[in-house]
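Novice: give me coordinates for this.
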Amino acid sequence: MPRVNINTQLAPAASQPLLGQIQKAFGATPNMFKAVANSPAALQSMWAAFGALGQGTLGAKLGEQIAVAIANRNRCEYCLAAHTVLGQNAGASAAEMASAQVGQSSDPKTAAALAFALKVVEQRAQVSDADVANLQEVGFKDEQVVEILAHVALNLYTNYINVALDIPVDFPKVALK
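Specialist: Prediction:
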């Protein structure tokens, strides 16, 4: 049972235009956005971050793989389910998403990004020069290193919203590992 309102009709008027954009983008309004809509500022922040990172250089597939790894680590069933669907929509196979969920990939570049993202989460960003150098050695530029960190931050935000507020999963469920 959610701990905050998820009825969009009860959301503040300032949230309504963004809820319309989200409805159009997804064909429905996911429960997470319904909850965040209680704060127009939080909704604007979250929606803008998704839009900006969607235009980044990492690509949607890698962004979604990072998202499922972080969701699994944070035990966020909502984000795990949502980003598994979004990852497959971005071209990842079910097997690739399942591997990413546990921080693994047969692609060395993806594996390095997932390992780095999970280390950032586990060690609260206390990473070393070598950790960043590992990303650079497999071909990530500084812009992409920063984008990986931005994906981590956004996914921590969404995980915390969904876990803390007990948001009902409205995507096909995926088992945590």
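Novice: contact partners of whichever helix in the chain runs longest?
Specialist: Taking residue count as the measure and DSSP state H as the definition, the longest helix of the chain comes out as helix 142-164. Residues outside helix 142-164 that contact it (Cβ atoms under 8 Å, 6 or more residues apart in numbering): 3, 32, 35-36, 46, 49-50, 53, 56-58, 63, 66-67, 70-71, 74-79, 113, 116-117, 120-121, 125, 132, 135-136, 140, 167. For the C-beta atoms, the positions are set from N, CA and C on the backbone; glycine is no exception.
Novice: apply 7 Å and report the result again.
Specialist: By Cβ atoms under 7 Å, 6 or more residues apart in numbering, the residues outside helix 142-164 that reach it are 32, 35-36, 46, 49, 53, 56-58, 63, 66-67, 70-71, 74-76, 78-79, 113, 116-117, 120-121, 132, 135, 167.
Novice: same check, this time on stretch 96-105
Specialist: 65, 68-69, 72, 80, 84, 87-88, 111, 114-115, 118, 177.
Novice: same thing but 6 Å
Specialist: The list of residues contacting stretch 96-105 from outside it, by Cβ atoms under 6 Å, 6 or more residues apart in numbering, reads Gln65, Val68, Ala69, Asn72, Thr84, Gly87, Ala111, Leu114, Leu118, Lys177.
Novice: would you reformat the residues you listed as JSON lines and include secondary structure and distance to Lys24?
Specialist: Listed next are these as JSON lines, based on DSSP: H, G, I helix; E, B strand; the rest coil; distance: Cβ to Cβ, whole Å:
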{"residue": "Gln65", "secondary structure": "helix", "distance to Lys24": "26"}
{"residue": "Val68", "secondary structure": "helix", "distance to Lys24": "25"}
{"residue": "Ala69", "secondary structure": "helix", "distance to Lys24": "29"}
{"residue": "Asn72", "secondary structure": "helix", "distance to Lys24": "29"}
{"residue": "Thr84", "secondary structure": "helix", "distance to Lys24": "22"}
{"residue": "Gly87", "secondary structure": "helix", "distance to Lys24": "21"}
{"residue": "Ala111", "secondary structure": "helix", "distance to Lys24": "35"}
{"residue": "Leu114", "secondary structure": "helix", "distance to Lys24": "31"}
{"residue": "Leu118", "secondary structure": "helix", "distance to Lys24": "33"}
{"residue": "Lys177", "secondary structure": "coil", "distance to Lys24": "33"}
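Novice: buried only: go through the residues you listed for me.
Specialist: Neighbour counting by 16 or more other Cβ atoms under 10 Å classes Gln65, Val68, Ala69, Asn72, Thr84, Gly87, Ala111, Leu114, Leu118 among these as buried.
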